[in-house]
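In: Task: produce atomic coordinates for the following.
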Amino acid sequence: MPYSVYIVRCSDETYYTGIAIDVDKRLHEHNHSSKGARYTRSRRPVTLVYREEHPDRSSAQKREFAIKRMTRPQKESLIRTP
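Out: Sure thing, here's the model as predicted:
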């Protein structure tokens, strides 16, 4: 089952990176339920700004970790890349 790595922009202009099978469902959780990440709960609404697919959870987690280690300018460059 494919996983997606995604980045959302929070209302305070910070970025949150995560993984999910169903990004639309996860985005709804971030914005409307207690199942959203603790980080995003106090920074609603969040907007999806980037998504990439991976064939499995392991590769998605590795990519998520790599993105989380990026600087803000590096993340913004990734987001701008088509």
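In: What values do phi and psi take at Val5?
Out: phi -100, psi 130 (degrees, to the nearest 10).
In: Show me which residues of the lowest-mean-pLDDT helix or strand in the chain are buried.
Out: Lowest by mean pLDDT, DSSP states H and E among the helices and strands of the chain is helix 38-41, with a mean of 93. By neighbour count on 16 or more other CB atoms under 10 Å, the buried set for helix 38-41 is Thr40. Glycine gets a C-beta too; all of them are placed from N, C-alpha and C.
In: and the very next helix or strand once past that helix, which strands flank it?
Out: Next helix or strand after helix 38-41 toward the C-terminus (DSSP states H and E): strand 47-54. Looking at strand 47-54 with DSSP bridges, its partner strands are strand 3-9 (antiparallel).
In: Export only the CA atoms of the partner strand, formatted as CSV.
Out: Taking Å, rounded to 0.1, in the frame of the first residue of the first chain, the C-alpha atoms of strand 3-9 are listed here in CSV:
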residue,chain,number,x,y,z
TYR,A,3,2.4,5.9,1.6
SER,A,4,2.7,9.7,1.1
VAL,A,5,5.1,12.1,2.8
TYR,A,6,3.4,15.5,3.2
ILE,A,7,4.2,19.0,4.4
VAL,A,8,1.5,21.3,5.7
ARG,A,9,1.8,25.0,6.4
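In: Would you mind finding the longest helix in the chain?
Out: If you go by DSSP state H, the chain has its longest helix at helix 57-68.
In: Would you tell me what the next helix or strand after it is?
Out: Per DSSP H and E, the first helix or strand lying C-terminal to helix 57-68 is helix 72-80.
In: what packs against that next one?
Out: Other helices and strands packing on helix 72-80, by 3 or more CB pairs under 8 Å, 6 or more residues apart in numbering; DSSP states H and E, are strand 3-9, strand 15-20, strand 47-54.
In: Kindly reformat the ones you listed as TSV containing mean neighbour count and distance to Thr81.
Out: Converted to TSV, these look like this (neighbours: other CB atoms under 10 Å; distance: least, CB to CB, whole Å):
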stretch	mean neighbour count	distance to Thr81
strand 3-9	22	12
strand 15-20	18	15
strand 47-54	14	9
